[in-house]
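Asks: Need coordinates for the following:
(chains A, B, C and D)
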There are 4 protein chains.
Amino acid sequence: MKLAVVGGGSTYTPELIDGFARLRDTLPITELVLVDPAAERLDLVGGLARRIFAKQDHDGKIVTTGDLDAGVEGADAVLLQLRVGGQAAREQDETWPLECGCIGQETTGAGGLAKALRTVPVVLDIAERVRRTNPDAWIIDFTNPVGIVTRALLRAGHKAVGLCNVAIGFQRKFAKLLDVAPSEVHLDHVGLNHLTWERAVRIGGPEGEDVLPRLLAEHGDAIAGDLRLPRPVLDRLGVVPSYYLRYFYAHDEVVRELGTKPSRAAEVAAMERELLEMYGDPALDEKPELLAKRGGAFYSEAAVDLAASLLGGGGSPYQVVNTYNNGTLPFLPDDAVIETQAAVGAHGATPLPVAPVDPLYAGLIANVTAYEDLALEAALHGGRDRVFKALLAHPLVGQYAYADGLTDRLIAHNREHLAWV
Amino acid sequence: MKLAVVGGGSTYTPELIDGFARLRDTLPITELVLVDPAAERLDLVGGLARRIFAKQDHDGKIVTTGDLDAGVEGADAVLLQLRVGGQAAREQDETWPLECGCIGQETTGAGGLAKALRTVPVVLDIAERVRRTNPDAWIIDFTNPVGIVTRALLRAGHKAVGLCNVAIGFQRKFAKLLDVAPSEVHLDHVGLNHLTWERAVRIGGPEGEDVLPRLLAEHGDAIAGDLRLPRPVLDRLGVVPSYYLRYFYAHDEVVRELGTKPSRAAEVAAMERELLEMYGDPALDEKPELLAKRGGAFYSEAAVDLAASLLGGGGSPYQVVNTYNNGTLPFLPDDAVIETQAAVGAHGATPLPVAPVDPLYAGLIANVTAYEDLALEAALHGGRDRVFKALLAHPLVGQYAYADGLTDRLIAHNREHLAWV
Amino acid sequence: MKLAVVGGGSTYTPELIDGFARLRDTLPITELVLVDPAAERLDLVGGLARRIFAKQDHDGKIVTTGDLDAGVEGADAVLLQLRVGGQAAREQDETWPLECGCIGQETTGAGGLAKALRTVPVVLDIAERVRRTNPDAWIIDFTNPVGIVTRALLRAGHKAVGLCNVAIGFQRKFAKLLDVAPSEVHLDHVGLNHLTWERAVRIGGPEGEDVLPRLLAEHGDAIAGDLRLPRPVLDRLGVVPSYYLRYFYAHDEVVRELGTKPSRAAEVAAMERELLEMYGDPALDEKPELLAKRGGAFYSEAAVDLAASLLGGGGSPYQVVNTYNNGTLPFLPDDAVIETQAAVGAHGATPLPVAPVDPLYAGLIANVTAYEDLALEAALHGGRDRVFKALLAHPLVGQYAYADGLTDRLIAHNREHLAWV
Amino acid sequence: MKLAVVGGGSTYTPELIDGFARLRDTLPITELVLVDPAAERLDLVGGLARRIFAKQDHDGKIVTTGDLDAGVEGADAVLLQLRVGGQAAREQDETWPLECGCIGQETTGAGGLAKALRTVPVVLDIAERVRRTNPDAWIIDFTNPVGIVTRALLRAGHKAVGLCNVAIGFQRKFAKLLDVAPSEVHLDHVGLNHLTWERAVRIGGPEGEDVLPRLLAEHGDAIAGDLRLPRPVLDRLGVVPSYYLRYFYAHDEVVRELGTKPSRAAEVAAMERELLEMYGDPALDEKPELLAKRGGAFYSEAAVDLAASLLGGGGSPYQVVNTYNNGTLPFLPDDAVIETQAAVGAHGATPLPVAPVDPLYAGLIANVTAYEDLALEAALHGGRDRVFKALLAHPLVGQYAYADGLTDRLIAHNREHLAWV
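Replies: This next block holds a predicted model:
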């Protein structure tokens, strides 16, 4: 079994490697190819990856290469985890929207649109090259914004599934609070990537008892604290929104916070410098502690689980993935991409039925889906007007003057990444 | 043919009377009952109404009464045009939301929710009394927020149609600009009450030529000026949004304007005092000029046209009304109330088919429909939490802290109108 | 020794009575007159006042009256503690400025100006009547905004001193933290009423050791917590701003908070209703616990101390009061009123010398002094333009559009209290 | 007579050269040295400068050099017109403050502080070198922020006068409106650089008739339009604020505008590219039309007039300059730098007496002077805390959270220009 990781030089990668080593029974990899154009970085990451495998007696082969076509040749699955423009572009995504009074964030709002515009053409090109060399390979997209990128991949006819670590993060956290095995916890997870709510937490499977009311009663403060929302908001909703909902429910508060401190990208960039220095230490043979602060917790578990199921192996039967709606949420188009519990196997991912969605959430889901549709149009076809329309449609923008100012800045700061400028 | 007007003591009424007189061939009224609990005001308005009929040789009888049951007895149609709490409540709707940085407006946003909460129970009670005395009578609702009120009426099983003057206003304005008869102008009017876009302006009927591009090219500045939106916004959208979309597309600009001048309600209240003084002049026998500034232009034409069709007479075959969606917009629930072109006759109103809606508009329509659903729940069942949820769902609020502050204020300022407080 | 308290029906009064009883050695009152036009309230407060004196074996006579001239006749000192328009006006002061995005507060910003406009003419009229009946009596003003009101009194030639409880509050708090007697703590308190900074905390007198650095090091978190400012702000400034500086240093944060919760006036009004009910209980013969939450802590100590010194008795030699600048702060006009340490005696209050003021504070002091000058002009002479100019000059307003919107609202909400409207 | 222009490679320079040529009778230059480290740019500008002199038969010699010491050697006066960090730094000054909701402008607010921090050390170094080679030379500072830079120069004991074109701009505009010679118009110009008001417009000299009321009555709309302030604001003030007051009087409006369009720096940078291309054309021998849009109108007239007077020649007897206050405005420290009418001659500049200043202006002047004091401290001694204090003191910032966020950004974006970082 051969896997390729595009963007394999990411500082995230040791997390993934560690997961591949620990979970070798679920996903018995024989060859792992890390593909990345950044040779120096790839060397550092690749070296540590081999030492981690060695220490854990994993006899899989680890190859590093800058050549995409060579790297994906013969791969059964290809993971996409790239960041077009790197942390520098992210830093931009997080700052210029603030100039217009809008949140700066790399997956939501104007910053997320910028990332989508930079990323979609690159990912489609990679996917096309995968398909040429390897038409049966599964593409697992972890590249943000996962919803829009997956929609682009599916619409172009690729064998793709989108993956995010938000749901698995909740599953693990709730399992710990409930003192049960994570696999026992089944979430009623509804919405779009980075716009989801956990409506029920069932024990034992899709039909198990819902313990969410108990969880909120006993651990509401801790859960609210992690989300940085006031406890009464959780109690009133009765569901657990993802961390990204804070950008909606507390938009102006977040803008104010962001405007009064340095950017997250600057923090991550400093952390990455530190991590890369650590990776270069030939004595290091495990993922360092610091990596936990980098974000992306449980990403490796999620990726292993998904790849194992798609490749016909022993992954969990139900997993939260990003795939076509196909009538699951009746108020969305069939070709919208939703994030939902799905039966996952060699056939791909088939959404499980979803109970009716409260208008409080359905209205926002529909609105953001419409934005994603326009965002994909802008990413595929370019043009100032398409960018403007996507921004005007976004519920966190919605006003023409901001949409105008953001459009100018998005283009000015991403000039080198946008073919149509 | 007998008509009853509930809220007949409104200063609007002379506009309506003037229409009934001018359009007597379309709608041959024999008896008109003005129902209003405000006796003094009703006297003034009723006196002028009789003088207008007399001057125009209309031999219909005009009755004024404070007794609702007596007034609607035997009526073929009942027009609802009331304002629970009067201009004083409107003044409140327009000011306290500003304290939370949100627009203060009596049909949209938090002010619109307040009005819905005050109004729905009163209208349902009136409708119930109409049904008891007069099960076949049509109820025509002109009372705002028309979308939510009409949804409440239809859900309770009433024979009701919702009416607004926005569409007829555009029809008349475009007809003038195009120099054709208004009846020649057919609008592709899509959305919800006070959340609509004119996507095409057809000459001659639903299949006529679309002259909107020409209209925008030749009269774009005038149209944009009326809407107080910049011309380039119109050009980029290529459609004409209703005036109320400015509360969305330029929300913060409007908030700033509202915070730096006296309220519209204060202006209208002053105007009403002046109008009532005029109405008391026994020499006045026509609607005064000043009434045009009061708003509601062409309301009488729209009302006559709708009543005539519903009562089996000679109204226009297609009219823009508020009625059940029933699949017309496939992304909305069937029982959502939309504002749309409909075939109108004695059977009621049946929406014409609507071409697919651009996500730029569909997303917002879906979001506001979800709000209206929650607003109706709050109006019917009360409770702080339902108010909070409706506000959180509204795209012009959307943030928990504002929803909280607005909920407190909505309740504090409407205590006497809310049975559940 | 006879004292009169104008506004004696205030729910504050039992605090004052309790102080008069406890501190009878410092200020041996033989007759205390509570003057208030609100007869019912005055009865309740007067009854409790007498029971407090009785319980503590104070044989001073307590008289209640609605007749100002009779009440102040023969008084050695007259305390002013009134609130023109009551809590209802305060509720207004706290809400309408929010509509313009400005803080709503009854002593600062637009709300404070409204209070000044309502209050200055009333206070000047009272003072004039005191002077007519009793030219030698001292007037102690505790009525807000104390700076502007005292300036009005002094400019009209009255024997007046302004009093606030901010400084004594800090003195007592610091004494507790330092575990010394309050009289040992001498503050380097600089600025204007409600715009002050404690620059040094000296033990033993104006020349004592400054222990502020130690206080901040050991109790910085508690002090910052009380002020609701972040600890690093205190550390960076190295001085302790008064609580009212939060309206400046965190203006937008406070506006947002105010817009997302009910008003302070509503809280106080509820508390007052509760207090008055308690006062009516003939068994109650001490100030109730709840009164502590009402604000105004240590007001009675401060008032006793000041009255004692002014009447030639045993008050503290140095007290923080509001009086003419007279060159104390060289960058302010002589006739500005500052809040400062002063030598207080039968001659009145003479400011102690003040060390040079850091531009960080001097700039703001100068700016607010200019506002107070214009505010007093507006209070004395009225007119929309004077109100506009005072608001434009206020550093918390400063922008013409807000000054305009606030001017309209100030006038609309205070119409009945402004003779010139 | 020899003049040196430091920053002579500026695209402004041809404006200056054109003035030197036209006004050779007032200021008979024999040698003009353009000093600039940017050799390529200096070549282009120097070439055009020589062609302008040649075309107008001016026989003065024009020298270009990158060597400061050589350039200022023997000069009678040295003009400073430099921009540390160039348009790129200006672009920064105009954008990152917006992230915190504050105006981005290169002379006022946080952007102006950044410029001061970059500029003061460079200017002091240049001045020191001028003094060493040429102790009698006058330094004329046109480098912004002129107030702070001039204060730095004077405090270091230099023979310096600060110059700005705002006053001469008003003088010329009013002269044109009044149809009189500019030299006939004497302004009562009061305040600080970029914080001034024209309180009177006198014809014939400091004692002439004040025609400002007439000017406002007849040309108020045009004047208000130029300033982008509403006409009623002018009427209410009765004085004419400088354009820069809009950043104060309409701060939030400007922030919103800036956030919804590209930066002024980007416009100027594009214009500069175009200008430099023109300058390279050997056929061009006059200043191009486009230069007028670059800003700085009448700068050459002002510079010639000032240099002529300082060098003992035929300049105007009274000129508006930036110099020490020395008691002119009694509410400011003597060593504050004010912008004021002064008697100018070989002795330097001596302020004329100034009538008392309305508190509406005095308060703001005092506040900004305090900021300038702290800004100079930060520029001279560096350190995060000094930057924070200056920002907290600025009336356009004033809040700790913004001061904090701005401090971080100011340092991050100016790292290479700040020796202490």
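
Asks: So the spatially most central residue of chain A versus chain C, what's the distance?
Replies: Most central in chain A under C-alpha atoms, centre = their mean is A:Cys164, positioned 3.8 Å from the mean C-alpha point. A:Cys164 sits at a distance of 32 Å from chain C (criterion: C-beta to the nearest C-beta, to the nearest Å). Just so you know, the C-beta spots here come from the backbone N, C-alpha and C atoms, and that holds for glycine as well.

Asks: Check A:Ala38 too.
Replies: Counting by C-beta to the nearest C-beta - A:Ala38 and chain C are separated by 38 Å.

Asks: For that residue, grab the count of nearby residues.
Replies: 15 (other C-beta atoms under 10 Å in any protein chain shown).

Asks: List, one by one, the residues from the stretch 151-300 of chain A near chain D.
Replies: A:256, A:258-262, A:266 (C-beta under 8 Å from any C-beta of the partner chain).

Asks: if I look at the nearest residue to A:Ile148 once chain neighbours are set aside, how far off is chain D?
Replies: Counting by C-beta to C-beta, 6 or more residues apart in numbering or on different chains, A:Ile148 lies nearest to A:Ala116, which is 4.6 Å off, once chain neighbours are set aside. For A:Ala116, the distance to chain D equals 22 Å [C-beta to the nearest C-beta].

Asks: tell me the secondary structure for A:Ala116?
Replies: helix (DSSP: H, G, I helix; E, B strand; the rest coil).

Asks: That one contacts A:Pro145, doesn't it?
Replies: Yes - between A:Ala116 and A:Pro145 there is a contact at 5.2 Å, judged by C-beta atoms under 8 Å.

Asks: For chain B, what's its nearest residue on the stretch 51-200 of chain A.
Replies: Using C-beta to the nearest C-beta, the single residue of the stretch 51-200 of chain A nearest to chain B is A:Gly101, 7.7 Å away.

Asks: what sits against that residue?
Replies: Neighbour list for A:Gly101: A:255, A:402, B:252, D:101, D:256, D:259 [criterion: C-beta atoms under 8 Å, 6 or more residues apart in numbering or on different chains].

Asks: Now with 7 Å, please.
Replies: Shown in contact with A:Gly101 (C-beta atoms under 7 Å, 6 or more residues apart in numbering or on different chains): A:255, A:402, D:101, D:259.

Asks: State the helix or strand in which A:Ala303 lies.
Replies: A:Ala303 is part of helix A:299-310 when elements are defined by DSSP states H and E.

Asks: Give me the contact list for that helix.
Replies: A:3, A:12, A:15-16, A:18-20, A:23, A:26-27, A:77, A:79, A:138, A:140, A:142, A:161, A:163, A:165, A:168, A:314-316, A:319, A:321, A:344-346.

Asks: how far is the helix or strand following that helix from where the chain is centred?
Replies: Using DSSP H and E, the helix or strand that directly follows helix A:299-310 along the chain is strand A:318-324. Distance, stretch centre to chain centre, for strand A:318-324: 12 Å (C-alpha atoms, centre = their mean, to the nearest Å).

Asks: What is strand A:318-324 packed up against?
Replies: helix A:146-155, strand A:160-162, strand A:185-192, helix A:299-310, strand A:337-345, strand A:348-351 (3 or more C-beta pairs under 7 Å, 6 or more residues apart in numbering or on different chains; DSSP states H and E).

Asks: Would you mind giving those as TSV with mean neighbour count and mean pLDDT added?
Replies: Listed next are these as TSV, based on neighbours: other C-beta atoms under 10 Å in any protein chain shown; pLDDT from 0 to 100:
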stretch	mean neighbour count	mean pLDDT
helix A:146-155	26	98
strand A:160-162	27	98
strand A:185-192	24	98
helix A:299-310	24	95
strand A:337-345	23	97
strand A:348-351	18	97
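
Asks: what does chain A put close to chain B?
Replies: Residues of chain A lying close to chain B (C-beta under 7 Å from any C-beta of the partner chain) are A:233, A:236, A:248-253, A:331, A:359-360, A:362-364, A:366-367, A:369-371, A:373-374, A:385, A:388-389, A:392-393, A:395, A:398-401.

Asks: Generate a ChimeraX selection restricted to the buried subset of those.
Replies: The buried residues among the residues of chain A next to chain B can be selected in ChimeraX (16 or more other C-beta atoms under 10 Å in any protein chain shown) with this line:
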select /A:233,236,248,249,250,251,252,253,331,359,360,362,363,364,366,367,369,370,371,373,374,388,389,392,393,395,398,399,400,401
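
Asks: on that earlier part again, what angle sits between the helix holding A:Ala303 and strand A:318-324?
Replies: Per axes from the mean of the first three to the mean of the last three C-alpha atoms, to 10 degrees, the angle that helix A:299-310 makes with strand A:318-324 is 80 degrees.

Asks: ok so, going back, list just the nearest of the contacts of A:Gly101 to chain C.
Replies: Of the contacts of A:Gly101, the one sitting nearest to chain C (C-beta to the nearest C-beta) turns out to be D:Gly101, at 7.8 Å.

Asks: among the contacts of helix A:299-310, which ones are buried?
Replies: A:3, A:12, A:15-16, A:18-20, A:23, A:26-27, A:77, A:79, A:138, A:140, A:142, A:161, A:163, A:165, A:168, A:315-316, A:319, A:321, A:344.

Asks: Which phi and psi values does A:Ile203 adopt?
Replies: Here is the backbone geometry of A:Ile203 (degrees, to the nearest 10): phi -100, psi 120.

Asks: check contacts around it.
Replies: A:180, A:184-185, A:209, A:211.

Asks: For the stretch 1-150 of chain A, which segments are assigned as strands?
Replies: For the stretch 1-150 of chain A, applying DSSP state E, counting those that start in this stretch gives strands covering A:2-6, A:31-35, A:61-65, A:77-80, A:138-141.

Asks: what about dumping the CA coordinates of the fourth one to CSV?
Replies: Which is strand A:77-80. Extracted C-alpha coordinates of strand A:77-80, given in CSV (Å, rounded to 0.1, in the frame of the first residue of the first chain):
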residue,chain,number,x,y,z
ALA,A,77,-4.3,7.4,-2.1
VAL,A,78,-3.0,11.0,-2.2
LEU,A,79,-3.4,13.4,0.7
LEU,A,80,-3.5,17.1,-0.1
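
Asks: And the furthest pair within the contacts of A:Gly101?
Replies: A:Tyr402 and D:Gly101 (13.4 Å; C-beta to C-beta).

Asks: for chain A, which spans come out with low pLDDT?
Replies: Within chain A, no stretch has pLDDT under 70.

Asks: change it to 90
Replies: Applying pLDDT under 90 to chain A flags the ranges A:86-88, A:205-206, A:261-273, A:289-298, A:312-314, A:421.

Asks: Identify those among the residues of the stretch 151-300 of chain A next to chain D that sit within helices.
Replies: A:256, A:258-259, A:266 (DSSP state H).

Asks: Counting neighbours, which of the residues you listed comes out on top?
Replies: That'd be A:Gly259 among these, by other C-beta under 10 Å, with 25 neighbours.

Asks: show me the contacts for the nearest residue to it once chain neighbours are set aside.
Replies: Using C-beta to C-beta, 6+ apart and skipping the chain neighbours, the partner closest in space to A:Gly259 is D:Cys100 (4.2 Å). Shown in contact with D:Cys100 (C-beta under 7 Å, 6+ apart): A:259-260, D:402, D:405-406.

Asks: switch the cut-off to 8 Å
Replies: D:Cys100 neighbours (C-beta under 8 Å, 6+ apart): A:98, A:259-260, D:110, D:402, D:405-406, D:409.

Asks: still on that earlier bit, residues near the residue nearest to A:Ile148, how many?
Replies: When neighbours are counted by other C-beta under 10 Å, A:Ala116 registers 24.

Asks: Could you do A:Asp125 as well?
Replies: Neighbour count for A:Asp125, taken as other C-beta under 10 Å: 11.

Asks: Tell me the residue in chain A that is farthest from the middle.
Replies: Largest centroid distance in chain A under C-alpha atoms, centre = their mean is A:Ala283 at 31.4 Å.

Asks: Surely A:Leu380 forms part of a helix?
Replies: Yes - residue state for A:Leu380 (three-state DSSP) corresponds to a helix.
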